[in-house]
Every structure is written in structure tokens, then in C-alpha cells.
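Enquirer: when you get a sec, could you give me coordinates for this:
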Amino acid sequence: MSVYYDTDHEKDSRNFLNTECETNQSDKMKRQELIKPNKNKKKDVTLLKLINKKLGILKKRNNAKYYKDNLYMSKRWIHEFGDTPCSQITAELINKYFEKRKIKSPGSVNYEKACLKSTFNLGVKEQMCKINPMLGINDDINEIKVKHIPTSTQINQILQKATTEQKDYIITIRDTSGRICEINRLKWEDVDLSKREITLYKLMCKDGIKKVRKIYISDELFEILKRRYKERNTEVPWIFWHRCWRTKYNRYLIVRYKDRRNLMKTLCRKANIPYFSLNSIRYSEASVLEKKPEIQLVKIKTTLDHDIMKKIAAIN
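Expert: Down below sits the predicted model:
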């Protein structure tokens, strides 16, 4: 008689087995379950371990901004929930956290929800937690704020108040309809003056892959790039760069631009016009192209590499 059957019910269940071979097989399986636990059983790790796992994966990718955003938000999650097991983080606790976030930063709540949801999805996929508490939490419905889109006259007024370096930067954004991060990453190897083509790269957040699109260089932009190429510093790979003091290294460094947020605030104040961001310049160019009947909307969307048609409709 097997020692693994303790109750009468388990002893009687042997009558349902037809042969002695099946009985031995059943005993063997029972013995393996007791000696070797199921390796596929999902573990319940702490939130800190799960976050470190995700950050380790993101760090290997090329998108530094997405890694930096998740690192910044992870500090808030640990401060709110602590280093608790993932099974103890419920949808009710998460909702209370996001209610507080709506007061401080309502525009970034949906983005943070997506990042937290992807963190728990990774935990479920890697069998680090059992369920994703974010599955029952929906995105907030926010009102779409129509930003001020500058006209061609306002952009020209800005250019009149700008320096030569600032003019080159703004005209490059206007004529390429590129994102600010794409223009800041531009290197001389991305420019082909012989073919009059400029290559812009968009980094995909999920896997860090570069999405490439080629833009034709206009006459005005061609003259700017031609002049800057002759005056360039051969040791600097970027088209737009500056020298800045880094306290960490205690010396000046040559680095590329990151955001240039204060540039448009200063120029708009000097020109005495309503403030608009650098990113709004590409929207302005899209609205001008949209009014031309010979230009198709699909071509505008391809050039901008953005589902921007709703914003163009709001302008008009």
C-alpha cells in the first residue's frame, strides 16, 4: 500500500485504475509533486524587484527618454506603494494614487497609467506576479486643448528678432517639419547635399528601433546647411550644438541641444506676439499645406510622420 494515500477516499480511488501499470504511474506522479514542486508556479515578487527588472530591459534599448521617464515615475511608485509584494497592490490603491496625480499633473496621468500597466504586464509575462491590477483601470477622458498655431507672418516676426544661429534652427524645423528631438539629433552624416536630402530618425519607445524618413531640402535650407557645413567644427558630429558648463565634470563640454524651452519664450516676448512652442511650427506648416488642393492629406501625414489631421482640422 502506498504511503502517499492518507484518506479512505484516496484509497478507494485506486479502484478506478484499470491496470497495475496505471497505478504505479499515478504513484510516481504523486511522488514527483511532493519531491519537486511545480517550477511553472508564478512567484510573487516585490514591486521594487519588478521595477528593476523593467528598467534593466529598457536600459539596453536606444530610447534614453523612455528609460528616463520610467525611472522618474518609478521613484513615485516606490514612494507611494513601498517595497510591497505585487499581490498586495490592488486596483483600489492605484486609483487613489492617480486621483492625487490628477491634481498635480492631469495631462500626464494617462501616460503614467500606460507605463505602470506595461510594468505589471512584464511581471505577468515573466511569471513574477499573478495578475495585473491595472487591467480594470481605464484612461481618463481629457479635453483636447487647442494650442496656438502660429501663422507665417508670426514666424517671420520671430525670425526678425532671432540671431543667425537661432534663425538656422527655426528654419530647419519649419522646412523639414521635424520634431524637436529629431532636429537636435541631426548629424552631418544624415545630410546629403548632393541629393538634397536630409534623413530624420524617430526612436520607437517599445523596442528602441529607429524609424527613418527622408525629407527634401528646400532652397533656403540648402543655403543654410551649405554655409554651416563650410563653417563646421570637424570634431563635432552634430549640426546644432553648444558649449555648456557641467558641474559633474567641472569643465565645459560640447553637447547637442535637448529641448531649448526658453528660446521661444524670449523671442515671442521680443516680437510681442502670443507664445507658441517650437513644435507648433511644424503644425503651422501642415495647416498651410492642407489648404492647397493639390496636396493630399496622406502626403502631409507621411511627411510629418504623425497622426496630426485632428489638430489641423481644429486649426481650420
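
Enquirer: and N121, how far from R101?
Expert: Distance, N121 to R101, using C-beta to C-beta, to the nearest Å: 20 Å. C-beta: built from backbone N, CA, C; applies to glycine.

Enquirer: low-confidence ranges, the stretch 1-150 of the chain, go.
Expert: 1-43, 62, 141-146 (pLDDT under 70).

Enquirer: now the stretch 201-316 of the chain
Expert: 204-209, 285-316.

Enquirer: can you give me the strands in it?
Expert: Under the criterion DSSP state E, counting those that start in this stretch, the stretch 201-316 of the chain contains strands at 210-216, 241-246, 251-256.

Enquirer: could you say what helices and strands the helix or strand encompassing Y72 packs with?
Expert: Taking DSSP states H and E as the criterion, the element that holds Y72 is helix 64-81. Judged by 3 or more C-beta pairs under 8 Å, 6 or more residues apart in numbering; DSSP states H and E, the packing partners of helix 64-81 are helix 47-59, helix 91-104, helix 109-125.

Enquirer: mind putting those helices into CSV with distance to M264?
Expert: Below are those laid out as CSV (distance: least, C-beta to C-beta, whole Å):
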stretch, distance to M264
helix 47-59, 31
helix 91-104, 25
helix 109-125, 23
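
Enquirer: need these in CSV (columns: mean neighbour count and distance to T151).
Expert: Putting the helices and strands packed on helix 64-81 into CSV (neighbours: other C-beta atoms under 10 Å; distance: least, C-beta to C-beta, whole Å) gives the following:
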stretch, mean neighbour count, distance to T151
helix 47-59, 16, 40
helix 91-104, 13, 34
helix 109-125, 18, 30
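
Enquirer: closest to G178 out of those?
Expert: helix 109-125 (22.1 Å; C-beta to C-beta).

Enquirer: the closest one: what's the following helix or strand?
Expert: With DSSP H and E, the next secondary element past helix 109-125 is helix 152-161.

Enquirer: buried stuff in whichever helix or strand comes after that following helix?
Expert: Using DSSP H and E, the helix or strand that follows helix 152-161 in sequence is helix 164-176. Using 16 or more other C-beta atoms under 10 Å as the test for burial, helix 164-176 gives Q166, D168, Y169, I170, I171, T172, I173, R174, D175, T176.

Enquirer: quick one: helix 164-176 to strand 241-246, angle?
Expert: Orientation note: helix 164-176 sits at an angle of 120 degrees relative to strand 241-246 (axes from the mean of the first three to the mean of the last three C-alpha atoms, to 10 degrees).
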